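Novice: Sequence first, then the predicted structure:
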Amino acid sequence: GMLIFDLTQSEAEIVDNESNVTVSYHITEMDAADDINPIVDPTMHNVDMANANTNGQVIIYVRVESDVQIDSNMLPCYKIVELPVVVHPLPVLTDIAFTYVFCEYDNDDTGQFDWDVVTASLDLLTPPQDVANFTVTYHPTVADALANTNALVNGFENTIDPQTVFIRVENTIT
């Protein structure tokens, strides 16, 4: 429930190329408005997802303060921007090992695989997850699956029977 975020990744978008501003990050809107208790290191901020709202977000309040404009009280002009922090969970698989039986009819001990058909036939994700929200790829080694390299293409021909391939399931939102 505790995750480290680099809050500054959205800073360019927040300031919209505005120069002469100072940016600070705060846990509460009141702290941002009062310009107190800034997050000490916004590049390595530990966010407690237990404090998430009903949308699964923790709101960080970003104070963007002008370095040149002042108001009638001789205080810097500023704006507070809400920065929602969202954690998308890892895919939850129904199992860690799946068996796919492929029948080949020409007796040459190889089969050509259409991975979309394989994915559709396997019950990979626990409900209510939808496989359409994930990218599923197949790899010859676990190292390739972890690194997302050497994905097996449609038409892949197995070379041994049985042959183990490794499945990578990746959330497309993140």
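Specialist: On my side now, so go ahead.
Novice: bridging residues for Asn171?
Specialist: On the basis of DSSP bridges, Asn171 is bridged to Phe134.
Novice: what about the strands in this structure?
Specialist: Taking DSSP state E as the criterion, the chain contains strands spanning 2-5, 21-26, 45-48, 57-70, 76-86, 112-113, 134-139, 156-157, 166-171.
Novice: any chance of those strands in TSV, with mean neighbour count too?
Specialist: C-beta coordinates here come from the backbone N, C-alpha and C atoms, glycine included. Putting the strands of the chain into TSV (neighbours: other CB atoms under 10 Å) gives the following:
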stretch	mean neighbour count
strand 2-5	12
strand 21-26	18
strand 45-48	15
strand 57-70	16
strand 76-86	15
strand 112-113	15
strand 134-139	18
strand 156-157	16
strand 166-171	16
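Novice: With respect to Ala12, which of the ones you listed lies nearest?
Specialist: Of all the strands of the chain, it is strand 21-26 that lies closest to Ala12, at 10.2 Å by CB to CB.
Novice: and the angle for that closest one with strand 76-86?
Specialist: 50 degrees (axes from the mean of the first three to the mean of the last three CA atoms, to 10 degrees).
Novice: Using PDB, write out every CA atom in strand 21-26.
Specialist: C-alpha atoms of strand 21-26 as PDB (Å, rounded to 0.1, in the frame of the first residue of the first chain):
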ATOM      1  CA  VAL A  21       7.600  30.000 -11.200                       C
ATOM      2  CA  THR A  22       8.500  27.900  -8.200                       C
ATOM      3  CA  VAL A  23       6.700  24.600  -7.700                       C
ATOM      4  CA  SER A  24       6.100  22.900  -4.400                       C
ATOM      5  CA  TYR A  25       4.200  19.700  -3.500                       C
ATOM      6  CA  HIS A  26       1.900  19.300  -0.500                       C
END
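Novice: can you list contacts of that strand?
Specialist: Residues from elsewhere that reach strand 21-26 (CB atoms under 8 Å, 6 or more residues apart in numbering): 7-8, 11, 14-15, 32, 35-39, 42, 45, 60-67, 83.
Novice: Low-confidence regions, this protein specifically.
Specialist: Along the chain, the parts satisfying pLDDT under 70 run over 1, 103-111, 174.
Novice: so can I have JSON lines of the strands of the chain showing distance to Ser121?
Specialist: Output for the strands of the chain, formatted as JSON lines (distance: least, CB to CB, whole Å):
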{"stretch": "strand 2-5", "distance to Ser121": "35"}
{"stretch": "strand 21-26", "distance to Ser121": "47"}
{"stretch": "strand 45-48", "distance to Ser121": "39"}
{"stretch": "strand 57-70", "distance to Ser121": "36"}
{"stretch": "strand 76-86", "distance to Ser121": "32"}
{"stretch": "strand 112-113", "distance to Ser121": "11"}
{"stretch": "strand 134-139", "distance to Ser121": "12"}
{"stretch": "strand 156-157", "distance to Ser121": "16"}
{"stretch": "strand 166-171", "distance to Ser121": "13"}
